[in-house]
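Trainee: below are the sequence and a predicted model; questions follow.
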Amino acid sequence: MTSGVLGVQRTFLGPKTRFVPERLDSYLRRRPVHSSHTPLGSSTNRKKVTLQTLQAMYSRQEPITMITAHDFPSAHVAEHAGMDMILVGDSLAMVALGMEDTSEVLLEEMLLHCKSVCRGAKAPFIVGDLPMGSYEVSPEQAVQSAIRLVKEGRVQAVKLEGGVEMAPAIAKITGAGIPVLAHIGLTPQRQNALGGFRVQGKSVAGALKLLQDAQAVQQAGAFGVVLEAIPEPVATLVTKKLQIPTIGIGAGNGCSGQVLVQVDMSGYFPPGRRIPKFVKKFGDLWGEASRAIEAYREEVKARSYPGPEHNYPMAKEELEEFAKVADKMLAEKAS
Ligand SMILES: Nc1nc(=O)c2c([nH]1)NC[C@@H]1CN(c3ccc(C(=O)N[C@@H](CCC(=O)O)C(=O)O)cc3)CN21
Ligand SMILES: CC(C)C(=O)C(=O)O
Ligand SMILES: [Mg+2]
């Protein structure tokens, strides 16, 4: 194994070659993976993660890693970082489209985002969120919407919110050969019924309901279930009672895998914005982006950008001739 990105550059390009990011990328793509785990940066040549891959991870109790993406670059970087699964979450309504909540986003809009994400990442298993209003009316409506996400959006699976009450829709979609990831606990599309973004399953009755929901979606054929905003012991117990993986978000460390919203975990939000308690800010993308833009703005104002190294050259004779001819041309025009 090479010792990090700089080592890779030298090996491939040689000491005299200028570093071209695109070449490093294509090199990494061709480089064979020797170890069973995926080293950082070499993931773009990784084999496609399938339902069977995920099943194998679950069997050997290897944590399943999932992150949201909402466009080409956020998908590409998630793939490059070696994520197992990508969720085109309807949270994009808020983080990419500036909507008040997730209930506003349309199936058509989700399709556009699914398409760009699927162009940006090939290896991860990609799941598309069914938006509110696209699946609750009937199992027929649900399967029609799911088919559009696969056929037009190019995702490999769909996710929908709800437990016992959504079992018939889950059965209908899986019957059409489309894998379904269920989502129970805090279901943001139902925030008006839940009384806001509230932790679920904190009482005996609430925890029992979660267990019933989890069993119902498993019975209906879901390949996994997202557990959102529930106490850790409840999520851990639900995970133990199921035969399908649980993907936690705000559900503690006893789940089969974890998911986070990419802009949350990478810190791509302004200082002072409220984030859920379960989010860990692994980076400061907002700080990086705003520092870069500020520096660009200042250099333009100070006339220090663009510099000579950013200019296109022109032969001296051409330039002198141009100046002469230009003056003549303008004088002719004026008379
Ligand atoms: N950017 C983003 N990240 C998310 O994780 C996310 C979204 N958007 N949009 C849809 C839902 C909403 N989510 C949320 C939002 C807020 C809390 C939150 O503030 N919870 C409180 C506890 C509230 C209570 O129990 O009364 C907390 O302290 O974490 C939780 C989940 C998760 N989802
Ligand atoms: C937070 C995850 C589970 C989600 O549903 C989304 O991003 O829309
Ligand atoms: Mg969602």
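Mentor: Sure thing, it's come through. Ligands and ions are numbered 1, 2, ... in the order given.
Trainee: which SS state does residue 160 fall under?
Mentor: At residue 160 the chain is in strand, as set by DSSP: H, G, I helix; E, B strand; the rest coil.
Trainee: just the buried residues of stretch 194-203, please?
Mentor: 194, 199, 200, 201 (16 or more other C-beta atoms under 10 Å). Where you see a C-beta, it was placed from the backbone N, CA and C, and this is true even at glycine.
Trainee: my bad, stretch 110-126
Mentor: By 16+ other C-beta under 10 Å, the buried positions in stretch 110-126 come out as 110-111, 113-118, 120-126.
Trainee: circling back: as CSV, the buried residues of stretch 194-203 with secondary structure and distance to ligand 1 would be great.
Mentor: CSV is the format used below for those (DSSP: H, G, I helix; E, B strand; the rest coil; distance: C-beta to the nearest ligand atom, whole Å):
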residue, secondary structure, distance to ligand 1
194, helix, 10
199, coil, 4
200, coil, 9
201, coil, 11
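Trainee: which of those residues sits closest to residue 233?
Mentor: Nearest to residue 233 among these is residue 201, at 9.7 Å by C-beta to C-beta.
Trainee: OK, contacts around the closest one?
Mentor: Shown in contact with residue 201 (C-beta atoms under 8 Å, 6 or more residues apart in numbering): 185, 207, 209, 210, 230, 231, 234.
Trainee: which of those fall in helices?
Mentor: 207, 209, 210, 234 (DSSP state H).
Trainee: my read: residue 99 touches residue 106, true?
Mentor: No - using C-beta atoms under 8 Å, residue 99 is not in contact with residue 106, being 10.5 Å away.
Trainee: for residue 21, give me the pLDDT.
Mentor: We have a pLDDT of 46 for residue 21.
Trainee: just residue 334 next, same as before
Mentor: pLDDT, residue 334: 84.
Trainee: quick check: the farthest pair among the ones in helices among the contacts of residue 201?
Mentor: Maximum pairwise distance among the ones in helices among the contacts of residue 201 (C-beta to C-beta): 10.4 Å, between 209 and 234.
Trainee: more neighbours, these two?
Mentor: Ranked by neighbour count (other C-beta atoms under 10 Å), residue 209 and residue 234 place residue 234 first, with 22 against 17.
Trainee: of the contacts of residue 201 - the most surrounded one?
Mentor: With neighbours taken as other C-beta under 10 Å, the top of those is residue 185, carrying 29 neighbours.
Trainee: measure that one to residue 262 for me?
Mentor: Separation of residue 185 from residue 262 (C-beta to C-beta, to the nearest Å): 20 Å.
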